[in-house]
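sequence and predicted structure are below.
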Amino acid sequence: MAEVSIAARFRVFHREASAAGGLQVRAEKRRLDAANVASPFIVRGGRWRQWYRSSYVHNLADAVDHCRAQGIDLAKVEATATGHSQRPWTVAQDKRARKQVQRRTRVLLRPACSARTKIRLRHKLARWHLPLHGGRRVERAIAVLGRLRRLVPPRVQAALLRTWFNGWCTKRRFQQAEGSSCMLGCLHGQDSVEHYSTCRHVFAYGASKLRLDDPGEPEARRAKFFLLDREGLRADADLQAMALLQTAIYRLHCRHRRSSLRLADEETASRAIAQAVREAAMGHARALAMLNHRWVRSGGGRS
């Protein structure tokens, strides 16, 4: 996510208010720094130094400096967007050069997955006892994250990482599992990621509303919930649907934790999941299009 933030600031630095000559970030930064140095309030200036350094002009300039340190400047970004075409550009090439600054910068900034990252990811995935070798888990996890970038909103990727890293605030995570219950109404289910990843209500909704196959076995269900079931999620549409469903359960659990959400019966649970799935896809044209084209087996309509 860091490269997305840097790319967005890079775009604002170079493209915002370009018709009026740009934001003049460098000049504004120099003016602010000079005013800070010339201030007679020396103690206050020292105490608030970090606050002054977090101004928008400093943030924008820092992002551009970060890109420059990696050999990325506006000329390189525009060349990537136009396919390294010679000037003068066509109208279409000029439009791409203006409109794709953030996207191309993000791609150039995207780091290769380091060995340390793989070790950390392997350690975190090991606790879920998935039916995969440790190395294969990591390979699939990295591949899934790469596919999801273009299939779902960033909030879905964030929820998936939260799940892999055991970031749900469940009763089990805080050693209060005894006596806890599944928010979806399972009679013998605890409030835990281990249970929600195999919960019959989750997979019943996926099968009836999103055309997702239910593996049946707990281990296979968990692999699918964690998006590491290679065979069951080979198609992009299936991966999108399962990712949105997993995010929906996470979002419902967040509401349940904050407001003691109660889902009295299966119909109420199904409606709540449907609403959360829509919210997870909101604002992402490709994810919404997938939802609108998934069949609902029970009624022949759409989800």
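Great, that's in hand. Numbers count the residues shown, from 1 in each chain.

dump the residue contacts of Val193.
By C-beta atoms under 8 Å, 6 or more residues apart in numbering, the residues touching Val193 are Trp128, Thr163, Asn166, Trp168, Thr170, Arg172, Arg173. Backbone N, C-alpha and C define where each C-beta goes, glycine included.

got it, and Val107?
Counted by C-beta under 8 Å, 6+ apart, Val107 has contacts Thr80.

now do the phi/psi pair for it.
Torsion angles at Val107 (phi, psi; degrees, to the nearest 10) stand at phi -60, psi -40.

that one and Arg150: what is the separation?
Going from Val107 to Arg150 by C-beta to C-beta, to the nearest Å gives 11 Å.

before we move on, the earlier item: pick the one among the contacts of Val193 closest to His284.
Distance to His284 across the contacts of Val193 (C-beta to C-beta) is lowest for Thr163, with 19.0 Å.

quick one: list the elements packing against the strand or helix carrying that closest one.
Assigned by DSSP states H and E, Thr163 belongs to helix 154-164. Judged by 3 or more C-beta pairs under 8 Å, 6 or more residues apart in numbering; DSSP states H and E, helix 154-164 is in contact with helix 115-126, helix 134-151, helix 236-259, helix 266-281.

nearest to Ile42, of the ones you listed?
Nearest of those (C-beta to C-beta): helix 115-126, 41.8 Å.

avg pLDDT for that closest one?
Computed over helix 115-126, the mean pLDDT rounds to 91.

how distant is that helix from the center of its chain?
Mean-position distance between helix 115-126 and its chain equals 19 Å (C-alpha atoms, centre = their mean, to the nearest Å).

and for stretch 152-163?
4 Å.

cool, and stretch 75-94?
For stretch 75-94, the distance to the chain centre is 30 Å (C-alpha atoms, centre = their mean).

list the contacts of that stretch.
Stretch 75-94 has contacts (C-beta under 8 Å, 6+ apart) with Phe10, Arg96, Ala97, Gln100, Val101, Arg104, Thr105, Val107, Leu108.

between the contacts of Val193, which is nearest Val202?
Closest to Val202, out of all of those and judged by C-beta to C-beta, is Thr163, at 12.4 Å.

pick the one among the contacts of Val193 closest to Ala61.
Within these, the smallest distance to Ala61 is 36.3 Å, found for Thr163 (C-beta to C-beta).

surely the closest one and Leu228 touch.
No. Assessed by C-beta atoms under 8 Å, Thr163 is found out of contact with Leu228, at 11.0 Å.

compare the two (neighbour count), which wins?
Leu228 (24 against 21; other C-beta atoms under 10 Å).

burial-wise, tell me which of the helices and strands packed on helix 154-164 comes out on top.
helix 236-259 (a mean of 20; mean count of other C-beta atoms under 10 Å).
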